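[1] give me coordinates for this.
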Amino acid sequence: MEYCFAVAAILWFGNYLINAITNLNPFQSYLAVFTLLFFVGSIAWSIGFFYYVSRYFNKNWILMSQWRESLVSEATVGNVSIAVAQGLIDHYKNLPKDAKSFDTALIGQWVLLCLGLGCFIVFIINLKLQI
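    Model prediction:
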């Protein structure tokens, strides 16, 4: 996530300098805006993804804590709480779906980064051709 902040900050500062030094045509202005929007969107996406992964591991930690507490408290009886066991079973059954959603989220972030980088490259090439 840090690299997104660094790249976006560098590109924002570079775009600011270019806009302050040269007069941009409308195409270049749109490219500059789209570049910044894609990178800001990528940063927002990565923050949301971090929250999503954090929430997933928090849920996993809670289920495992309940499982351990159930084992300790039911040790004299010899059986584990059915609700706790069912929660863990459901959690592990959903692992392939969760992994696929993590992959989809990462692909979405890469798409935003690539679009932003592509717009930036086209912007630089167009600006070099103008100068």
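[2] CA atoms for contacts and neighbours, from now on please.
    Noted.
[3] quick one: the helices in this protein?
    Taking DSSP state H as the criterion, the chain carries its helices at 2-21, 26-73, 82-93, 95-130.
[4] now the last one and helix 26-73, what's the angle there?
    Between helix 95-130 and helix 26-73, the angle comes out at 160 degrees (axes from the mean of the first three to the mean of the last three C-alpha atoms, to 10 degrees).
[5] what comes up buried for helix 95-130?
    Neighbour-count burial for helix 95-130, counted by 16 or more other C-alpha atoms under 10 Å, picks out 105, 109, 112-117, 119-120, 123-124.
[6] taking the centroid of the protein, which residue is nearest it?
    Ser46 (2.4 Å; C-alpha atoms, centre = their mean).
[7] separation between that one and Cys119?
    To Cys119, Ser46 is 20 Å away according to C-alpha to C-alpha, to the nearest Å.
[8] next: Leu88.
    Taking C-alpha to C-alpha, one finds Leu88 at 45 Å from Cys119.
[9] quick one on the thing from earlier: need the buried residues of helix 95-130 in CSV with pLDDT, can you?
    Converted to CSV, the buried residues of helix 95-130 look like this (pLDDT from 0 to 100):
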residue, pLDDT
Ala105, 88
Gln109, 88
Leu112, 88
Leu113, 87
Cys114, 88
Leu115, 90
Gly116, 87
Leu117, 87
Cys119, 86
Phe120, 85
Phe123, 84
Ile124, 83
